[in-house]
Structure formats: C-alpha cells, structure tokens
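>>> Generate coordinates for the sequence data below:
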Amino acid sequence: MPFMLGTIIRNLVTGPATRRYPFKDLREPMPGFRGRIVFDNTKCVFCGDCARVCPSMAIEVDSDNKELTYHPFRCIYCGTCVQTCLDRAITQENIYAAPSDHKSVEVYRPAAVA
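Okay, here's the model as predicted:
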C-alpha cells in the first residue's frame, strides 16, 4: 500500500482528468469524425436500403406506410446508411449527438406537399 501514496497525493492535488461535456471545454471534432445522423424526408423515397445495411438495426422503414423510424441509442454512427442512400437523404453532421436521459425514437414521414 505505501507504493500508492504518490498516486494518491497527485490525484488530490491535480484537477479532474475528464471533460465536463457538454457543460464546458467543448472543442471541435477531429477530422473524419462521424457525428449525428440527419434524415431529409423531402428526398427520401423510403426504399429501405439504409435499414437493410444498418449493422445495429437502428433504422426501420415501412415502405407501405411511408414511414422511417430511427433509434439513435441503437446507432453506432458507422455511416453505412449514409454511403448506401442513393437519394442522399441521409447525412452525417460534424457535431456530437446530444446527450439524453431517455431513449428517444425519431419517426420521419414524407413532407407535406403544399
């Protein structure tokens, strides 16, 4: 136990080793960062290719009812759905996904035509 005394004293004197995200000390993401997934329901044709290639099954597409369901807490942010979407209806923003205290589900339907 005496060999740990130096580590204990150093930890008492220095500050925390972690960041207090999202409250302070925010910094720009690194190059190549894969951030939050964004769906554009005006471009989506609900073909289901994104749901077919999603390894974590975070996307569900109901082609009959024209409805896309996205589970952000299942998503591993790999970007496979973005690469697969031929209509470019799915993009990945260069920002962090917001923290949450509950598991939300996002539902997308076709945009209303005026």
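>>> got the buried residues for stretch 70-77?
Neighbour-count burial for stretch 70-77, counted by 16 or more other CB atoms under 10 Å, picks out 70, 71, 72, 75, 77. For glycine as for every other residue, the C-beta is placed from the backbone atoms N, C-alpha and C.
>>> roughly how far is that stretch from the heart of the chain?
On the basis of CA atoms, centre = their mean, to the nearest Å, stretch 70-77 sits 6 Å off its chain's mean C-alpha point.
>>> what's next to that stretch, contact-wise?
Among residues not part of stretch 70-77, those counted as contacts by CB atoms under 8 Å, 6 or more residues apart in numbering are 34-37, 39, 55-60, 92, 97, 100, 103-108.
>>> And the buried residues of stretch 70-77, which is closest to residue 14?
Of all the buried residues of stretch 70-77, residue 14 sits closest to residue 77, with 32.2 Å by CB to CB.
>>> hang on, that closest one in a strand?
No - when the secondary structure is assigned by DSSP: H, G, I helix; E, B strand; the rest coil, residue 77 falls in coil instead of a strand.
>>> what separates it from residue 37, distance-wise?
7 Å (CB to CB, to the nearest Å).
>>> hey, what's in contact with both of these two?
Both residue 77 and residue 37 are in contact with residue 92, where contact means CB under 8 Å, 6+ apart.
>>> circling back: what remains of the contacts of stretch 70-77 if I keep only buried residues?
Applying 16+ other CB under 10 Å to the contacts of stretch 70-77, the neighbour count classes 37, 39, 58, 59, 60, 92, 108 as buried.
>>> Identify the residues contacting residue 47.
Residues in contact with residue 47, defined by CB under 8 Å, 6+ apart, are 61, 63, 86, 87.
>>> can you list these in JSON lines and add pLDDT and distance to residue 19?
As requested, the contacts of residue 47 are exported to JSON lines (pLDDT from 0 to 100; distance: CB to CB, whole Å):
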{"residue": "61", "pLDDT": "95", "distance to residue 19": "36"}
{"residue": "63", "pLDDT": "90", "distance to residue 19": "42"}
{"residue": "86", "pLDDT": "93", "distance to residue 19": "38"}
{"residue": "87", "pLDDT": "92", "distance to residue 19": "37"}
